[in-house]
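Trainee: Here is a sequence together with a model predicted from it:
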Amino acid sequence: MQLYKVMPLSSQFFLMFFFCLFASASSYANEWTINGLVLEKGTRRALPDVQVSVREDKAIFAKSDANGLFKLTFPGDGQYTLTATAMSSEKPISIVIELKPGNVLPVPTFYLPIAPQLEEVVVQGERNQERVSKNVISGDELRRIAGSSGDPLAGLQALPGVVATNSGPAVRGSGPEDNLYYVDDLPIGKVFHSTGISVFNADLIQDFNLLSAAFAPRYGDATGAIIDAALRDPRNDRLGGKLNINVIGADFLVEGPTATNQSAYFAARRSYIDLLIKQVSQNGVTLQIPKYSDYQGKYIWNINDTDRLTFHMQGATDQLKLNIDSNSDIAKQQPVLSGNLSFSDTYAMQAAVLDTIVFADAQNKLALEHTTTDAGNTVASAGNINIADDTNMLRELLHIPLSEGHELTLGSNLSQSQTVVNVDAINTTCTQFNAGCDLSAAPRLQLQETVNANASEFSAQDRKRISSKLTLIGGVHHSYEDYLNKSYTEPRLGAEWDWDERTLLTAGWGRHNQIPTYQQIAPIFGNPNLEHLRAEHSVVGIKRKLADNWSWKAETYYKKLSNLVVSDSQLNYVNGGSGIAYGEELLIKKDGHSELNGWLSVSLARSKLQNDLTGQSFRFEYDQPINATLVTNYKLDNDWTMGTKWTYHSGTPYSPVIGTTQDNSGRYIPIYAAVNSGTLPDYHRLDLRFDRHYIYDKWKLNTYFELNNIYFHKNVVGYSYNVNYTVATPVTPLVIPFTFGVQAEF
């Protein structure tokens, strides 16, 4: 009897296939495939092209991809030593793994320290192609300046032509109120807190462009300077953040991707010294410690390769209160100041910006911006001032490349604002043309109005390289505002001559205007028939690049001012002043990532004003004929950096008291010498800073410690007087002898 049949050939084939498959699976039962990751130590940034090798088997190796991922396959169980090696790494890193049945499959993650001298450097052109009378400084340089506590705008005042004041930088014979500020090409209204520090989160500043004269027509109306800041984009690789604590405040920053083509950050800061010290008293004045807060946010949506939509938000708040005792010298000199004084100021901005390539290589930036300000001041019996403003602005900037080296830039700016004014206060019509101002003798006036104002600006600039060495720039700026019903059309000219690869010669000329302050043009309090302030800028310069990232730059400028506002007994104010400012500036700078970098700036300048109604001339209040600043940063090793800043300037002018009279109540009224006829002693100060960096696998710790005015020089910034003005006491600025900060970066 036949017990089985012969199987068909196809069935035999499948039996043999499954037998071989089973045998193969048995022979590779202990083969392991693992995935790993290579990240930069401290930042967790993915590192590509890092070789990962196996010590026990040189034939097993892999390279990380663009996301830092790698894959290794091992022939069997065992303990293996994995080593990650990169050209940019300070040293290879090894990890031991064990492959064993029953164990969880390991996912080795390497955190490679990157050698500082081999860090990736992204070379890119300047975002602002103008080169006439422009200084550029990075946010990283500004944050590390000694004596600044990491505040970028405090560092900005170390540049040539800039005079440091309590309310901001004064540039080339113009006051802080004569400057305009831009952030990411958006005009902003509040730049400084009442304490003098800027409203910016220092870690967001990419760079500052300081345009000191004859700036491009796309900027708004100002007779001083343009300070154009750029905030960096949010990181898009992962979620991260920073937490910073220093002597007076704390802030945080969180940022990261929100989608494949979208990313955002948000930063906020708040002072806390007012929580620790409620108030301080001196000479009958009780000051409640000022408090401030601010925030910034940016959301970027890269719609496609040619279109990008960005949302911006910024805000800042200040509060200050003090009490002046009726028995204090100040109250006896100015009785209207006796009592409680309070100041509050809130600013907010929101904007949407669409960047597009409209045709060929033409780039268009369209921005819609909304700002609000709300300021309320109560000054004892001197009165109350409340002003709230709401402004909408539409801004467009179009860059059209016409040919190689030839570009046309067209700009427009339309704004509509509503300002609600409620004032019941004394009206002092003093200006910089007056030596003193008697607050208690001024009349008290009232004003309630809602002002609806519209303004427009249009600009055009043609920039053309007419030869391999020479570029000519011509432009025009037209502006109109309907509050005073004034319009101005002003030309701007420039030239850039590349003498050779290392030498640049520049020249610029331009006319500029600026609307007077609201107090000066308001009904009742001012003169609504005033003209705008006018300025004419002229500047020539030379810049030379040297070896090892050294460079020097020299400029000579002349500024002519007209239509300045002076007080008038009949009209409150009239356009009756003029002025000139001229000088030479030198900047020697060492850039790069070497052990030593920094700069030396030296300014020789004079600035004078004249009251055209009386013929009286005098020095500008911020006139400093000699101004020098030396900034250095020296890298002691990979962890420690030492920085210094030495500042010197000749004495600023002031108006001395030379006698007194008495009013009917017996109050002493000072008699001043000629305006700004006195000179304060020379000012100089040395600050020292140490930075220490700690790098851990997943985060960084950055610390700094500053010693300010280390040789304790008592700089005089003015004089205070006793009740009858017979004793002048030098006033010295408050300098915190040491400051420190700690920042955790995740």
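Mentor: Happy to help now that I have it. Small disclaimer: the values here were computed from a predicted structure and weren't measured.

Trainee: Residue 519 belongs to a helix?
Mentor: Yes: applying DSSP: H, G, I helix; E, B strand; the rest coil, one finds residue 519 inside a helix.

Trainee: Quick check: residue 476 is in a strand.
Mentor: Yes: per three-state DSSP, residue 476 lies within a strand segment.

Trainee: going forward can the numbers begin at 4, since that is how I track them
Mentor: Noted, 4 is the first residue going forward, which turns the last one into residue 479.

Trainee: So in terms of bridging, what pairs with it?
Mentor: Beta bridges link residue 479 to residue 463, residue 494 when assigned by DSSP bridges.

Trainee: mind listing what it touches?
Mentor: Residues in contact with residue 479 (C-beta atoms under 8 Å, 6 or more residues apart in numbering) are 220, 462-464, 492-495. Just so you know, the C-beta spots here come from the backbone N, C-alpha and C atoms, and that holds for glycine as well.

Trainee: Weed out the non-buried ones from the residues you listed.
Mentor: Of all these considered here, the ones buried according to neighbour count by 16 or more other C-beta atoms under 10 Å are 220, 462-464, 493, 495.

Trainee: How far away from the center of its chain is the strand or helix carrying residue 403?
Mentor: According to DSSP states H and E, residue 403 maps onto strand 386-406. A distance of 19 Å separates the centroid of the chain from that of strand 386-406, by C-alpha atoms, centre = their mean, to the nearest Å.

Trainee: And for residue 372, the neighbour number?
Mentor: By the criterion of other C-beta atoms under 10 Å, residue 372 has 20 neighbours.

Trainee: those strands in the stretch 254-403 of the chain, which residues are they?
Mentor: 265-274, 282-285, 288-305, 310-327, 342-362, 365-382, 386-406 (DSSP state E, counting those that start in this stretch).

Trainee: do the same with the stretch 104-253 of the chain
Mentor: Using DSSP E, counting those that start in this stretch, strands in the stretch 104-253 of the chain cover 112-115, 137-141, 165-168, 171-174, 183-186, 189-190, 208-214, 229-234, 243-249, 252-262.

Trainee: Return the most buried member of those strands.
Mentor: Among those, ranked by average contacts under mean count of other C-beta atoms under 10 Å, first place goes to strand 171-174 (a mean of 26).

Trainee: which helices and strands sit right next to the strand holding residue 403?
Mentor: Packing contacts for strand 386-406, counted by 3 or more C-beta pairs under 8 Å, 6 or more residues apart in numbering; DSSP states H and E, involve strand 189-190, strand 365-382, strand 409-429.

Trainee: try 7 Å
Mentor: Applying 3 or more C-beta pairs under 7 Å, 6 or more residues apart in numbering; DSSP states H and E, we find strand 386-406 packed against strand 365-382, strand 409-429.

Trainee: got the buried residues for it?
Mentor: Buried, per 16+ other C-beta under 10 Å, within strand 386-406: 386, 388-392, 394, 396, 398, 400-403.

Trainee: picking up where we left off before, adding distance to residue 42, write the helices and strands packed on strand 386-406 out as TSV.
Mentor: Listed next are the helices and strands packed on strand 386-406 as TSV, based on distance: least, C-beta to C-beta, whole Å:
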stretch	distance to residue 42
strand 365-382	35
strand 409-429	42
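
Trainee: among these, which is nearest residue 49?
Mentor: Closest to residue 49 of the helices and strands packed on strand 386-406 is strand 365-382 (C-beta to C-beta; 30.4 Å).

Trainee: Not counting its neighbours along the chain, what's nearest residue 51?
Mentor: Leaving out its chain neighbours, the residue that sits closest to residue 51 by C-beta to C-beta, 6 or more residues apart in numbering is residue 69, at 4.9 Å.

Trainee: Work out the gap between stretch 457-467 and the centre of the chain.
Mentor: With C-alpha atoms, centre = their mean, you get 25 Å for stretch 457-467.

Trainee: Can you find the helix or strand of the protein with the lowest average pLDDT?
Mentor: In the chain, no helix or strand scores lower on mean pLDDT, DSSP states H and E than helix 12-30, which sits at a mean of 38.

Trainee: helix or strand right after it?
Mentor: Past helix 12-30, the next helix or strand by DSSP H and E is strand 35-43.

Trainee: helices or strands up against the helix or strand just after that following strand?
Mentor: Next helix or strand after strand 35-43 toward the C-terminus (DSSP H and E): strand 54-57. Strand 54-57 sits against strand 64-66, strand 72-77, strand 81-88, with contacts defined as 3+ C-beta pairs under 7 Å, 6+ apart.

Trainee: quick revisit: figure out which of the strands of the stretch 254-403 of the chain is closest to residue 595.
Mentor: In terms of C-beta to C-beta, the element of the strands of the stretch 254-403 of the chain nearest to residue 595 is strand 265-274, at 27.9 Å.

Trainee: Find the nearest non-adjacent residue to residue 681, please.
Mentor: Closest to residue 681 by C-beta to C-beta, 6+ apart is residue 659, at 4.1 Å.

Trainee: Which residue is the nearest non-sequential neighbour of residue 142?
Mentor: In space, residue 142 is closest to residue 208, 3.2 Å off (C-beta to C-beta, 6+ apart).

Trainee: for residue 175, same thing?
Mentor: Residue 175's closest residue in space is residue 164 (C-beta to C-beta, 6+ apart), at 5.0 Å.

Trainee: these two touch, right, that neighbour and residue 215?
Mentor: Yes: Residue 164 is within contact range of residue 215, at 5.3 Å (criterion: C-beta atoms under 7 Å).

Trainee: Touching both of those two, which residues are there?
Mentor: 174-175 (C-beta atoms under 7 Å, 6 or more residues apart in numbering).

Trainee: May I see the buried residues of strand 386-406 organised as JSON lines, with distance to residue 570 and pLDDT added?
Mentor: Below are the buried residues of strand 386-406 laid out as JSON lines (distance: C-beta to C-beta, whole Å; pLDDT from 0 to 100):
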{"residue": "386", "distance to residue 570": "19", "pLDDT": "94"}
{"residue": "388", "distance to residue 570": "19", "pLDDT": "96"}
{"residue": "389", "distance to residue 570": "24", "pLDDT": "96"}
{"residue": "390", "distance to residue 570": "21", "pLDDT": "96"}
{"residue": "391", "distance to residue 570": "27", "pLDDT": "97"}
{"residue": "392", "distance to residue 570": "25", "pLDDT": "97"}
{"residue": "394", "distance to residue 570": "29", "pLDDT": "98"}
{"residue": "396", "distance to residue 570": "32", "pLDDT": "98"}
{"residue": "398", "distance to residue 570": "35", "pLDDT": "97"}
{"residue": "400", "distance to residue 570": "39", "pLDDT": "97"}
{"residue": "401", "distance to residue 570": "44", "pLDDT": "97"}
{"residue": "402", "distance to residue 570": "45", "pLDDT": "96"}
{"residue": "403", "distance to residue 570": "47", "pLDDT": "96"}
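
Trainee: Redo the residues you listed as a markdown table? Include distance to residue 715.
Mentor: What follows is the buried residues of strand 386-406, written out as a markdown table (distance: C-beta to C-beta, whole Å):
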| residue | distance to residue 715 |
| --- | --- |
| 386 | 41 |
| 388 | 40 |
| 389 | 43 |
| 390 | 42 |
| 391 | 45 |
| 392 | 44 |
| 394 | 46 |
| 396 | 48 |
| 398 | 49 |
| 400 | 50 |
| 401 | 55 |
| 402 | 52 |
| 403 | 58 |
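
Trainee: so which of those comes closest to residue 585?
Mentor: residue 400 (32.3 Å).

Trainee: Distance check, that closest one against residue 460.
Mentor: Noted for residue 400: a distance of 11 Å to residue 460, by C-beta to C-beta, to the nearest Å.

Trainee: what does residue 137 give?
Mentor: 21 Å.

Trainee: Would you mind splitting the chain into its domains for me?
Mentor: 12-121, 137-231, 232-748 (automatic domain parsing).

Trainee: List the contacts of the closest residue to residue 595 other than its chain neighbours.
Mentor: Counting by C-beta to C-beta, 6+ apart, residue 595 lies nearest to residue 552, which is 3.7 Å off, once chain neighbours are set aside. Going by C-beta under 7 Å, 6+ apart, residue 552 touches 593-595, 597.
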